[in-house]
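S.K.: Structural data only, the sequence is not supplied:
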């Protein structure tokens with residue numbers, strides 16, 4: 001349902017559907033407040049305004065009685081703005097009731113770093129059935145989002161409906177995914193392989209990761225670094241599995257014939 005004059009769209013503010021559960025409302029509010037908190041943005045006016053909008057939406061939608069009253073207001077506003085019978089326009093300014101508009105689906109491929117740190121996406125829906133032309137939707141993908149996660153974004157156009165976005169992993173030149181684990185190769189010197197110690201590589205989030213190397217490590221040995229893989233759907237992260245590679249020294253000596 002589009003936002004009505006004088007009536008804020010609390011569902012769009014939190015990025016949830018009108019039939020979202022209380023838990024979905026609470027979780028959306030928490031992660032967006034964390035992302036837009038003024039302390040994380042130097043106290044900017046935009047972050048303060050955004051946080052105030054999030055708090056106002058949560059205050060209404062978390063209370064069942066206030067939410068029912070708010071939903072009734074939205075319906076009344078929609079009826080008030082619906083064109084009268086016989087009007088020259090065939091468009092309505094409110095969304096049909098749930099189930100009458102099929103959702104629009106889209107897969108979005110994100111990098112490992114974007115899944116770990118979060119990202120803001122702008123999506124454009126170019127629906128020929130929309131009388132107002134292309135619709136712009138904004139999606140906040142929170143830090144720690146797992147691949148295959150789905151987000152329901154209310155479409156802002158007069159036809160209403162949902163944009164369902166599925167998150168997928170974009171291929172990475174250095175990391176290969178297997179489930180929630182990531183695999184990478186690390187080339188070391190023969191001297192390091194013999195003596196052991198520590199090496200480093202740039203981790204999935206771009207920061208250096210310390211890789212312990214045992215003395216006399218075998219070629220293609222796997223060093224497991226717990227909790228440095230992809231986010232999991234139920235929380236936590238998989239592991240980073242580092243394959244150790246090196247070339248043994250080959251010395252050549254010549255023996256003179258007598």
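M.R.: Noted; the coordinates are in hand. Quick caveat: nothing in here was measured; it's all calculated off a predicted structure.

S.K.: just so I have it, where are all the strands in the stretch 151-258 of the chain?
M.R.: 162-169, 176-178, 181-187, 197-202, 208-213, 222-225, 240-245 (DSSP state E, counting those that start in this stretch).

S.K.: Can you give the distance of the fourth one from its chain's centre?
M.R.: Once both centres are worked out by Cα atoms, centre = their mean, to the nearest Å, strand 197-202 turns out to sit 29 Å from its chain's centre.

S.K.: partners of that strand, with directions?
M.R.: Strand 197-202 pairs in its sheet with strand 208-213 (antiparallel), by DSSP bridges.

S.K.: What count of nearby residues applies to the closest residue to residue 105 other than its chain neighbours?
M.R.: Excluding its sequence neighbours, the residue lying closest to residue 105 (Cβ to Cβ, 6 or more residues apart in numbering) is residue 164, at 4.8 Å. (Each C-beta comes from the backbone N, C-alpha and C, glycine too.) Close neighbours of residue 164, defined as other Cβ atoms under 10 Å, add up to 15.

S.K.: Report the beta-bridge partners for residue 164.
M.R.: Those that pair with residue 164 in a beta bridge, by DSSP bridges, are residue 105, residue 152.

S.K.: circling back to that earlier point, can you add mean pLDDT and give the strands of the stretch 151-258 of the chain back as JSON lines?
M.R.: Converted to JSON lines, those look like this (pLDDT from 0 to 100):
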{"stretch": "strand 162-169", "mean pLDDT": "91"}
{"stretch": "strand 176-178", "mean pLDDT": "93"}
{"stretch": "strand 181-187", "mean pLDDT": "96"}
{"stretch": "strand 197-202", "mean pLDDT": "94"}
{"stretch": "strand 208-213", "mean pLDDT": "95"}
{"stretch": "strand 222-225", "mean pLDDT": "96"}
{"stretch": "strand 240-245", "mean pLDDT": "96"}
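
S.K.: Can you lay out the ones you listed as JSON lines showing distance to residue 10?
M.R.: Below are those laid out as JSON lines (distance: least, Cβ to Cβ, whole Å):
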{"stretch": "strand 162-169", "distance to residue 10": "16"}
{"stretch": "strand 176-178", "distance to residue 10": "36"}
{"stretch": "strand 181-187", "distance to residue 10": "38"}
{"stretch": "strand 197-202", "distance to residue 10": "41"}
{"stretch": "strand 208-213", "distance to residue 10": "41"}
{"stretch": "strand 222-225", "distance to residue 10": "42"}
{"stretch": "strand 240-245", "distance to residue 10": "40"}
